[in-house]
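Asker: need a 3D model of the following:
(one chain, ligands or ions: 1)
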Amino acid sequence: MSKILVTGGTGYIGSHTVVELQNNGYEVIIVDNLSNSSIDVLDGIASITGKKPAFEKIDCQNKQALAEVFAKYPGIEAIIHFAASKAVGESVEKPLLYYKNNLISVLNILELMGEQNTYNLVFSSSCTVYGQPDILPVTENAPVKPATSPYGNTKQIAEEIIRDTIHADNRLKCIALRYFNPVGAHPSAAIGELPNGVPNNLIPFVTQTAIGIRECLRVFGNDYNTPDGSAIRDYIWVVDLAKAHVIAVERLLGNKNKNGIEFFNLGTGKGLSVLEILNTFEQATGVKVNRKIVARREGDVEKVWADPTFANNELGWKAETSTEKMLATAWEWEKRLAKKNSMS
Ligand code: UFG
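Answerer: Modelled structure (predicted):
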């Protein structure tokens with residue numbers, strides 16, 4: 001059984017990926033500092049897979065502590081590095097926190113790969129590296145545009161650091177996955193997104209409004225150059241996204257990646273506007289979402305959706321889950337949280 005180290009494994013995408021790894025026979029070791037996740041996620045994972053993954057409460061900025069994980073669990077074959085701060089607005093207010101957390105972690109992971117003879121890395125990147133693309137759908141060959149936030153910049157810089165390091169040490173390999181907008185939850189509703197405080201992202205705000213935690217969803221802008229005036233994104237089900245990580249690990253372990261570093265867009269290829277998402281949510285769940293149109297949010301791009309052809313062809317992976325289903329799982333998860341909170 002191959003051992004995989006998953007940093008940020010109790011987080012949103014991390015926890016769904018751990019489930020898929022375990023379901024595919026991998027032994028998972030999670031490291032997470034629990035700064036934006038809960039230890040209870042381990043029980044959620046265990047309730048789905050029948051196995052609680054190994055867990056170490058560690059901040060990836062602490063290289064010594066990470067090195068001890070390699071000593072405690074010998075033979076780690078690959079690392080999936082999710083651990084990072086991810087709130088765009090917060091990154092504008094606290095840039096140093098973002099640069100330190102997101103980049104020192106990457107430096108530590110890369111140094112340890114060389115030192116511990118673990119040569120395979122899957123890195124969590126983002127479609128944010130494309131900014132507002134000139135051509136849509138956007139392919140991996142589109143130029144990386146100047147970042148609009150320190151958060152986005154950390155993803156760009158991390159990609160460059162990894163590229164340079166692999167160029168200098170040809171034992172190392174990386175698959176960088178550029179996520180579009182992950183949404184929804186596991187169909188069991190045992191794990192899902194746990195936003196800290198008031199959600200920044202659309203879907204948790206929608207579900208919290210639908211359940212009555214928030215009064216009203218603000219639609220940021222209806223004057224974009226799009227068919228209905230609201231901004232367009234490529235929403236991908238988190239479980240589809242998680243599955244791509246297992247394939248990426250298999251590709252690395254099987255020595256099938258073509259260069260030291262490869263980049264893949266993980267999206268559906270379909271762009272949906274904010275208003276389309278709201279309508280689909282209402283249709284899928286039968287629940288109305290109170291909303292009002294407000295001004296554009298600073299830093300938002302107008303429209304972005306993926307050309308996932310490269311990932312489809314090279315990874316043999318495709319995100320096919322309907323928008324209705326992804327939004328229905330988000331709603332089931334929100335209802336589950338409400339039930340849990342009412343009992344505690
Ligand atoms: N939106 C609203 N109201 C809300 C929240 C969001 O109208 O309350 C809109 C946004 O303006 C945007 C769309 O819904 O048009 C999606 O917004 P999200 O905040 O959910 O997602 P973003 O596309 O802004 O951000 C995501 C990731 C980031 C990443 C970015 C790259 O969350 O980590 O994509 O574009 F950097």
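Asker: next SSE downstream of the worst-scoring helix or strand of the chain on mean pLDDT?
Answerer: The helix or strand of the chain with the lowest confidence, counting by mean pLDDT, DSSP states H and E, is helix 88-93 at a mean of 93. Moving toward the C-terminus from helix 88-93, the next helix or strand (DSSP states H and E) is helix 95-99.
Asker: pLDDT averaged over that next one, what's the number?
Answerer: Across helix 95-99, the average pLDDT comes to 98.
Asker: any idea how far that helix is from the middle of the chain?
Answerer: Counting by CA atoms, centre = their mean, to the nearest Å, helix 95-99 is centred 19 Å from the centre of its parent chain.
Asker: contacts for it, please.
Answerer: 85, 90, 91, 150, 151, 153, 154 (CB atoms under 8 Å, 6 or more residues apart in numbering). Where C-beta positions appear, they are placed from N, C-alpha and C, glycine not excepted.
Asker: if we go by neighbour counts, what in the longest helix seen in the chain is buried?
Answerer: Counting by DSSP state H, the longest helix found in the chain is helix 323-343. Neighbour-count burial for helix 323-343 flags 323, 326-337 (criterion: 16 or more other CB atoms under 10 Å).
Asker: who in the protein is up against the ligand?
Answerer: Residues of the chain that fall close to the ligand, judged by CB under 6 Å from any ligand atom: 86, 88, 126-128, 151-152, 181, 200-202, 205, 217-220, 231, 233, 274, 297, 300.
Asker: name the nearest of the buried residues of helix 323-343 relative to residue 46.
Answerer: Comparing those against residue 46 with CB to CB places residue 336 closest, at 16.1 Å.
Asker: how about the closest one, nearest residue that isn't a chain neighbour?
Answerer: Closest residue in space to residue 336, ignoring its immediate chain neighbours: residue 189 at 4.3 Å, by CB to CB, 6 or more residues apart in numbering.
Asker: any low-confidence regions in the stretch 1-150 of the chain?
Answerer: Nowhere does the stretch 1-150 of the chain drop to pLDDT under 70.
Asker: hang on, the earlier thing: residue contacts, the residue nearest to residue 336?
Answerer: 329, 332, 333, 335, 336.
Asker: now the helices for this protein?
Answerer: Under DSSP H, the chain gives helices at 12-23, 41-49, 63-72, 88-93, 95-99, 105-116, 150-168, 202-211, 238-253, 274-285, 309-315, 323-343.
Asker: one step back: in strands, which of the residues of the chain next to the ligand fall?
Answerer: 126, 181, 217, 218, 219, 220, 233 (DSSP state E).
Asker: about what we covered before: what's the most distant pair in the buried residues of helix 323-343?
Answerer: 323 and 337 (21.4 Å).
Asker: isn't residue 163 up against residue 259?
Answerer: No: contact criterion CB atoms under 8 Å: residue 163 and residue 259 do not qualify, at 9.6 Å.
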